[in-house]
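**Student:** I need the structure of the sequence given here:
(chains A and B)
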Amino acid sequence: MNAIEIRGLKKYYGKVKAVDGLDLTVPTGVVFGLLGPNGSGKTTLIKVLCHLLKPDSGVAEVLGIPVKGRSYLPRIGYMPQEIALYEDMTVHDNLKLFAGIYGLDRVTFKRREKEVLTTIDLLERKDFPLSDLSGGQKHRISLAVSMIHEPEILFLDEPTVGVDPLLRAVFWKNFHDLKKKGVTIIMSTHYMDEARNCDIIGMMRAGKLIDEGSPDEILKRTGKDNLEDAFLDIVKRGASS
Amino acid sequence: MNMRRTLMISKKLFWSLKHDRRSVALIIIAPIMSMLIFGLAFSGDVENVNVIIVNYDQGGNVPGMNTTISLSERVIDNIDEDTLVLSYGDDIDEAVKKVEDGSANSVIIFPENFTRNLLSFAQGSPVDEAETIEIRSDQSQVTLSQEVMATVLEALIETTESSGFSNPLKIDTSDPIYGEGAEFLDMFVPGIMGFIVFLLTTILTLISFVGEKTGGTLHRLLASSVTEGEIVVGYAISFSIIGMAQVGILMGIAILVFDIMVVGNPLLAFLIASILAVVSVSLGILLSSLAKRESQAIQFYPLIVLPGFLLSGVFWPIEAMPLWLRPVSYFIPVTYAVNGLRAVLLRGWGVLDIWFELMMLIIFAIVFLLLAILSLRRTSKA
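**Tutor:** Predicted coordinates:
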């Protein structure tokens, strides 16, 4: 079973075609990067897959379940672009809220809280209100919240935007550790350089998937030595064909 | 101070308004509504207060003329019928029951020898005491019962003046049906309790919910398998508890500091407050669907405060509003909460006596909850 199956997916905002007839398959257990400039439809696609937006047409399935239902939601984790946590609550309370929503019992929550906070190296900040943490620390807590219930798929919307290079490296280590545990990671980014860390990338532009494959395959196909040039080359070829 | 820089800051506001039609609409609509509601609510006199007249007066013969007159009838004729809506009864107990069930405010009782005694006095016969008209009122409705008393007094003065009497007349209000010794503050406190629960809950929910949307937590919650219904009901439960706590605090201060009258069961007051809080939470969520930012949400305040305060009988009785405006009051949930709280705290009414108010609040709660869930479903997936 694939993690994601999408056929002919469309989502328009009035005249703006955010996702425009997209086909995509993502196997399980990979780090999949949606790569594209701002406004290319990455966030809209992730929101459709997380049941936050209703598609206009087409079929989208997560873990073999159509996204129009909710039954798959407890099996996925979602980290939005913004921090999206309760600033006046402590780190512990934020984690407890979402653990409670996912139905984790007390023992499991205690174990998972320790695990995720150790992973992001913020165990000692457990009882701090979120408002007392730095921006980077809040980003890490946001990641911790999205994986508190050990999801099978983790959707990360621009997880490294506004994150310093050191923390970015920590994030990528976390992503690969999760992958080793069998978690599928679907992330969006407009940083072409860091997309090289993905197993597969899907390049998006104007709501369409313009290319797909491993970074090495894409570089080989385009004959370029970096993904930014490869992206521009694919766009140029698409425009001339 | 650099004027150019200062003006740039001023211009910035208008530039942002150019693309914010909602704020512009609210800037225009809020003062229009505020002024209209305020002006209309306070422009009327108290009107259409239901009173029952029980007239035992047998009338009397005018000396030297072979005619029977009834001075009580003259008094009744002189009562301003815009202010009081008169109905007549033969039995005091039945009339009192109508006040007890809330369908009338007062019973005006003329004694059997009213005319006879007045005529005797006019002829120079001594009387033991002033002739008395008894008014038995629901004094928990302070403004209304005072208006009944004033109107009857006016009619008495007019009658005695036109008849040429200068007789000792008295109005006895010492045996009220409800609210003995109630003052304006006693009437005001239950109203303000309802209003504060409504105001704070609506505004807190509105601000919290706009914050949930702008901060992204709403989407994170929805993506974590929480449904819109669970969010709305979850909010409603927590604010019901807060609403009850607020009523507890308000009642505590009102009793301990201001010594207000509480003759009923405070637990019923908590029940009313908690249902009103559910209505208010739902209204807050509904309004949040119209605001994209906190700055837009703030502009709803006058639209919440003014109808809630001025058209629900908190401060000014509904009977004092223009007739055409009164139906609006019955679409404001605070009206039923205020009526219920007053009935419980000042009259000592029980659940069965305030069933209508409770039913209306529950209907409002259910309808508003459903609308809030629907609006959240619509806006969260837009």
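**Student:** Could you find the closest non-adjacent residue to the spatially most central residue of chain A?
**Tutor:** For chain A, the residue nearest the mean C-alpha position is A:Leu156 (2.1 Å; Cα atoms, centre = their mean). Distances taken as Cβ to Cβ, 6 or more residues apart in numbering or on different chains put A:Met187 closest to A:Leu156, at 4.0 Å, once the chain neighbours are dropped. The way it works is simple: take the backbone N, C-alpha and C, and place the C-beta from them, glycine included.
**Student:** same thing with B:Gly216?
**Tutor:** Nearest to B:Gly216 is A:Ala84, by Cβ to Cβ, 6+ apart, at 3.3 Å.
**Student:** which SS state does the one you found fall under?
**Tutor:** Taking DSSP: H, G, I helix; E, B strand; the rest coil as the rule, one finds A:Ala84 in the coil state.
**Student:** And the one 10 residues further on, by the same measure?
**Tutor:** Judged by three-state DSSP, the three-state class of A:Asn94 is helix.
**Student:** Just confirm it contacts A:Ser146, I think it does.
**Tutor:** No - judged on Cβ atoms under 8 Å, A:Asn94 makes no contact with A:Ser146 at a distance of 11.2 Å.
**Student:** Report the closest residue of the stretch 51-200 of chain B relative to chain A.
**Tutor:** Proximity of the stretch 51-200 of chain B to chain A (Cβ to the nearest Cβ) peaks at B:Leu200, 17.8 Å away.
**Student:** which SS class is that residue?
**Tutor:** In three-state terms, and counting by three-state DSSP, B:Leu200 is helix.
**Student:** what does the one 4 residues further on give?
**Tutor:** Recorded secondary structure, B:Leu204: helix (three-state DSSP).
**Student:** what's near enough to touch it?
**Tutor:** Applying Cβ atoms under 8 Å, 6 or more residues apart in numbering or on different chains, we find B:Leu204 in contact with B:Phe239, B:Gly284.
**Student:** residues touching the residue of the stretch 51-200 of chain B closest to chain A, list them.
**Tutor:** With contact set as Cβ under 8 Å, 6+ apart, B:Leu200 has these partners: B:Gln246.
**Student:** separation between it and B:Ser208?
**Tutor:** For B:Leu200, the distance to B:Ser208 (Cβ to Cβ, to the nearest Å) stands at 12 Å.
**Student:** so A:Leu45 sits right up against A:Leu22, yeah?
**Tutor:** Yes - using Cβ under 8 Å as the test, A:Leu45 is close enough to A:Leu22 to be in contact (6.9 Å).
**Student:** Angles on the backbone of whatever residue of the stretch 101-250 of chain B ends up closest to chain A, please.
**Tutor:** Among the residues of the stretch 101-250 of chain B, B:Gly216 lies closest to chain A, at 3.3 Å counting by Cβ to the nearest Cβ. Main-chain torsions, B:Gly216, degrees, to the nearest 10: phi 90, psi 0.
**Student:** One more: A:Leu24?
**Tutor:** With angles defined as degrees, to the nearest 10, A:Leu24 sits at phi -160, psi 140.
**Student:** try A:Leu133
**Tutor:** phi -100, psi 160.
**Student:** how far away is the residue of the stretch 101-250 of chain B closest to chain A from A:Pro55?
**Tutor:** According to Cβ to Cβ, B:Gly216 and A:Pro55 sit 21 Å apart.
**Student:** Comparing those two, which residue is more hemmed in?
**Tutor:** Comparing B:Gly216 with A:Pro55 by other Cβ atoms under 10 Å in any protein chain shown, the one with more neighbours is A:Pro55, at 22 against 17.
**Student:** how near is the more buried one to A:Lys68?
**Tutor:** Look at A:Pro55 and A:Lys68: by Cβ to Cβ, they are 8 Å apart.
**Student:** Secondary structure element for B:Ile373, which one?
**Tutor:** helix B:355-380 (DSSP states H and E).
**Student:** could you pull out the helices for chain A?
**Tutor:** In chain A, the helices defined using DSSP state H lie at A:42-49, A:91-101, A:106-119, A:135-146, A:165-180, A:215-222, A:227-240.
**Student:** Tell me which residue is most central in chain B.
**Tutor:** Looking at chain B with Cα atoms, centre = their mean, the centroid-closest residue comes out as B:Gly313, 1.9 Å off.
**Student:** looking at this, that residue is in a helix?
**Tutor:** No - secondary structure of B:Gly313 (three-state DSSP): coil, not part of a helix.
**Student:** Quick check, it in contact with B:Val328.
**Tutor:** No - using Cβ under 8 Å as the test, B:Gly313 is too far from B:Val328 to be in contact (11.7 Å).
**Student:** Quick one: classify the most far-flung residue of chain B relative to its centre as helix, strand or coil.
**Tutor:** The outermost residue of chain B, judged against the average C-alpha position, is B:Gly64 (53.0 Å), by Cα atoms, centre = their mean. Judged by three-state DSSP, the three-state class of B:Gly64 is coil.
**Student:** Mind pulling the model confidence for it?
**Tutor:** We note a pLDDT of 71 for B:Gly64 in this prediction.
**Student:** ok, now A:Ala144?
**Tutor:** What the model reports for A:Ala144 is a pLDDT of 95.
**Student:** List the residues that contact it.
**Tutor:** So A:Ala144 contacts A:Leu95, A:Val116, A:Leu117, A:Thr119, A:Ile120, A:Leu122 (Cβ under 8 Å, 6+ apart).
**Student:** what does chain A have sitting close to chain B?
**Tutor:** Counting by Cβ under 8 Å from any Cβ of the partner chain, the residues of chain A close to chain B are A:47, A:50-54, A:70, A:73-74, A:76, A:78, A:80-87, A:98, A:101-102, A:145, A:155.
**Student:** tell me which residues of the lowest-mean-pLDDT helix or strand in chain B are tucked away?
**Tutor:** The weakest-scoring helix or strand in chain B, judged by mean pLDDT, DSSP states H and E, is helix B:21-43 (a mean of 75). Neighbour counts over helix B:21-43 (16 or more other Cβ atoms under 10 Å in any protein chain shown) mark B:Ser23, B:Leu26, B:Ala30, B:Ser34, B:Ile37, B:Leu40, B:Ala41 as buried.
**Student:** can you put those residues in a markdown table and add distance to B:Leu119?
**Tutor:** Converted to a markdown table, the buried residues of helix B:21-43 look like this (distance: Cβ to Cβ, whole Å):
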| residue | distance to B:Leu119 |
| --- | --- |
| B:Ser23 | 72 |
| B:Leu26 | 67 |
| B:Ala30 | 62 |
| B:Ser34 | 56 |
| B:Ile37 | 51 |
| B:Leu40 | 47 |
| B:Ala41 | 46 |
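**Student:** ok, and the closest non-adjacent residue to B:Gly332?
**Tutor:** You called it Gly, but residue B:332 is Ile. B:Ile332 sits nearest to B:Ser312 (Cβ to Cβ, 6+ apart), 4.8 Å away.
**Student:** what separates the one you found from chain A, distance-wise?
**Tutor:** Distance of B:Ser312 to chain A, given as Cβ to the nearest Cβ, to the nearest Å: 33 Å.
**Student:** Enumerate every residue touching the residue in chain A that chain B sits nearest to.
**Tutor:** Proximity of chain A to chain B (Cβ to the nearest Cβ) peaks at A:Ala84, 3.3 Å away. Going by Cβ under 8 Å, 6+ apart, A:Ala84 touches A:Ser142, B:Gly215, B:Gly216, B:Thr217, B:His219, B:Arg220.
**Student:** B:Met193 - how many residues pack around it?
**Tutor:** 27.
**Student:** Please, where are all the strands along chain B?
**Tutor:** In chain B, the strands defined using DSSP state E lie at B:49-55, B:60-61, B:68-69, B:84-89, B:106-110, B:131-137, B:169-172.
**Student:** Within its sheet, name the partner strands of the second one and how each one runs.
**Tutor:** Applying DSSP bridges, strand B:60-61 is found paired with strand B:68-69 (antiparallel).
**Student:** now the strand it pairs with: how far from the chain's centre is it?
**Tutor:** 43 Å (Cα atoms, centre = their mean, to the nearest Å).
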